[in-house]
Every structure is written in C-alpha cells, then in structure tokens.
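following is a predicted model, sequence given first.
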Amino acid sequence: MLQIKDTLVSLDLVEKFFACDITRCKGECCIEGDAGAPITDAEFATLKEILPDVWDDLLPAAQRRIQEEGVGYVDEEGDLVTQIVEGKNCVFSTYLPGGICICAIEKAYREGRIKFMKPISCHLYPVRITEYEKFTAVNYHSWKICKAAEVVGRAKGIRAYQFLKEPLVKRFGQEWYDELAGTCEEYLRQYGSDED
C-alpha cells in the first residue's frame, strides 16, 4: 500500500497496466454485478434532475424500473446505488449498434446536453473507494471483464494510476494526484513490478 495524505492506495494502481477498450469488453462493467453503481446523496439528487435529458436513451425496461422504484436504492450492504434491471444492467445503460453498452449519462454529457458526466464511482472504475473512520482506501477491483483493458494497457505502457488520472483528480484533487504520481514513479524506479 502507498500512503498519500489520508488515503491508502493499493499497489495494484501502480503495478497493473490498464487502458479501457470498450470495443473489446462491450461495456460489461455497466451490465454485470450484483448491485448498481455506488452513488452519493448529491449524485442521487443529480440523477433525478437530469433524468428528463437522458430518458429517451434508456431501455424500456429501465424506464419502467425507474417509474416504479426511482433512480437508486440502498443495497444489502447499506450503500446507495443506481437501480438495475433484471438483476444486471444499470438503469442508465444504453446500447450502440454492435451490442456495445455505454452510459446514457455520459452519452448526454459528451453530446453537450448535460453538465454531469457520470457518478464518480463509474468514472473511477476499476478503482473502488472505501471510507473508513481514519483513512480512505483506494483499491483496484480485479475482474475478468477488465482483462482486455490490462492487455491494452500493457501494450501501450499505461499504468492504472495514469489511465485514471482524470477521475482521481476529480475525486481527490490535483495536489493529491501529483503526490500519487511521484510516489508511483519512485516505486517503479526502485522496485519495478511483477507486471513488467
């Protein structure tokens, strides 16, 4: 683990190569899983606010689910998460031709229809954040659906912490990220990694 300010960061972020390639994974992270994406109370309010702007991009089953249950719920672990459809798809997922699943929220953002990109937990994936009383854990979630991203990352020489710079800065700030990047570079100079 690396200690960056009041966070403990998994060595996987520096040792693993990672570069998402949605053409290979088809957006499985928006489909597979036992719950929706973790969201904050503020994000929950934002999702309700932007709903009319993304509504037409949502799947009919997702629209029904939202009408019946709302945009989010508290899961078995007590976390606020987005609703899911039929035990899998996030209600905010949509499909491109060729079966690629994308986020309807991010689609609307990139088209300039809304100013909210997507929940920070989605933007950070495969990083998962856990808040503890005295520190915040920043962990890499290793999952078979991201194997293609690890292969692409290795081919391009991109480490997970580098690929995730934008959301890490968004969540923790530029100063925090600069310290992380410097610590990662020093770690790689001294120890290399099993991934090399």
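Yep, that arrived. Residues are numbered from 1 along each chain as shown.

export stretch 51-58 to PDB, keeping only CA atoms.
Taking C-alpha atoms only, stretch 51-58 is exported to PDB below (Å, rounded to 0.1, in the frame of the first residue of the first chain):
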ATOM      1  CA  LEU A  51     -33.500  12.200 -15.900                       C
ATOM      2  CA  PRO A  52     -35.600  14.000 -18.500                       C
ATOM      3  CA  ASP A  53     -32.400  14.700 -20.500                       C
ATOM      4  CA  VAL A  54     -31.400  11.000 -20.700                       C
ATOM      5  CA  TRP A  55     -34.900   9.400 -20.700                       C
ATOM      6  CA  ASP A  56     -35.200   8.700 -24.400                       C
ATOM      7  CA  ASP A  57     -31.800   6.900 -24.400                       C
ATOM      8  CA  LEU A  58     -32.800   4.500 -21.600                       C
END
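
tell me the helix or strand right after the helix or strand of the chain with the lowest mean pLDDT.
Every helix and strand of the chain was ranked by mean pLDDT, DSSP states H and E. The lowest is helix 22-25, at a mean of 77. Sequence order places helix 41-54 as the next helix or strand after helix 22-25, per DSSP states H and E.

now do the buried residues in the longest helix along the chain.
Counting residues, the longest helix found in the chain (DSSP state H) is helix 174-191. For helix 174-191, a neighbour-count test (16 or more other CB atoms under 10 Å) marks 176, 177, 179, 180, 181, 183, 184 as buried. Every residue, glycine included, has its C-beta placed from N, CA and C.

dump the residues you listed to a markdown table, plus pLDDT.
Output for these, formatted as a markdown table (pLDDT from 0 to 100):
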| residue | pLDDT |
| --- | --- |
| 176 | 97 |
| 177 | 97 |
| 179 | 97 |
| 180 | 97 |
| 181 | 97 |
| 183 | 95 |
| 184 | 95 |
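
what does the longest helix of the chain rub up against?
Contact with helix 174-191 is made by 2, 4-5, 7, 9, 11, 13-14, 159, 161-162, 165, 168-169, 172, as judged by CB atoms under 8 Å, 6 or more residues apart in numbering.

show me what counts as buried in stretch 8-16.
Within stretch 8-16, the residues scored as buried using 16+ other CB under 10 Å are 9, 10, 12, 13, 14, 15, 16.

so residue 137 lies in a strand, does it not?
Yes: under DSSP: H, G, I helix; E, B strand; the rest coil, residue 137 falls within a strand.

shaky segments in the protein?
Within the chain, the segments meeting pLDDT under 70 span 33-34, 193-196.

switch the cut-off to 50
Scanning the chain for pLDDT under 50 picks out 196.
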